[in-house]
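# Give me the fold of what follows.
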Amino acid sequence: MAKDKTKILAIASSGGHWIQLMRLVPAFAGSEVIYVSTHSGYKEQVKGSVFHSVSDATRWKKMKLIKMAFEVRRIINTEKPDIIISTGAAPGLMAIIWGRLSGKKQFGLTVLPMLTGFQ
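Okay, here's the model as predicted:
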């Protein structure tokens, strides 16, 4: 039996990385999307889709970083996405690492801001 939709795990930390991820939403049309971020309030922005919140961690908070890494792993193991897409920061890095280890397709995107005054 053929699978109907591609399952995408879209993951980013809060703030600018999340905004960049939201700009990619039209590209996800026709796919099942699972969103992950460090800010639980973003669930309201993706109503109708599955949303998971993970701990907010940085390289300066090593224990929280380890906790968050295993939260991301649990989500990947539970949701079983076909593709992982991240616009950056620690949660996205952890998803890319776990995805690579589990044989998932992963895309890490860096979206550079538009600078005014430059040609």
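# from here on, contacts and neighbour counts on C-alpha atoms
Noted.
# so where's the longest helix in the protein?
helix 62-79 (DSSP state H).
# Return the list of helices and strands in contact with it.
helix 89-101 (3 or more Cα pairs under 8 Å, 6 or more residues apart in numbering; DSSP states H and E).
# quick check, distance from the next helix-or-strand element following the longest helix of the chain to the centre of its chain.
Using DSSP states H and E, the helix or strand that follows helix 62-79 towards the C-terminus is strand 83-86. The chain centroid and the centroid of strand 83-86 are separated by 6 Å under Cα atoms, centre = their mean, to the nearest Å.
# can you check stretch 61-70 too?
The answer for stretch 61-70 is 16 Å, by Cα atoms, centre = their mean.
# quick one: contacts for residue 12?
Shown in contact with residue 12 (Cα atoms under 8 Å, 6 or more residues apart in numbering): 18, 21, 36-38, 86-89, 91-92.
# Try it again at 7 Å.
With contacts defined as Cα atoms under 7 Å, 6 or more residues apart in numbering, residue 12 is in contact with 18, 21, 36-37, 86-89, 91-92.
# Could you do residue 73 as well?
Per Cα under 7 Å, 6+ apart, neighbours of residue 73: residue 98.
# Now do it against residue 96, distance only.
Look at residue 73 and residue 96: by Cα to Cα, to the nearest Å, they are 10 Å apart.
# swap in residue 83?
10 Å.
# what about those two, which has more around it?
Ranked by neighbour count (other Cα atoms under 10 Å), residue 83 and residue 96 place residue 96 first, with 24 against 18.
# Give the buried residues for stretch 34-48.
34-39, 42-43 (16 or more other Cα atoms under 10 Å).
# tell me which of those is nearest to residue 9?
Taking Cα to Cα as the measure, residue 9 sits nearest to residue 34 out of the buried residues of stretch 34-48, at 4.8 Å.
# For that closest one, what is the enclosing helix or strand?
strand 32-37.
# can you dump the C-alpha coordinates of that strand into CSV?
Extracted in CSV, the C-alpha atoms of strand 32-37 (Å, rounded to 0.1, in the frame of the first residue of the first chain):
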residue,chain,number,x,y,z
GLU,A,32,1.8,16.0,6.7
VAL,A,33,3.8,18.4,8.8
ILE,A,34,4.9,18.0,12.4
TYR,A,35,6.2,21.2,14.0
VAL,A,36,8.7,21.4,16.8
SER,A,37,10.0,24.5,18.7
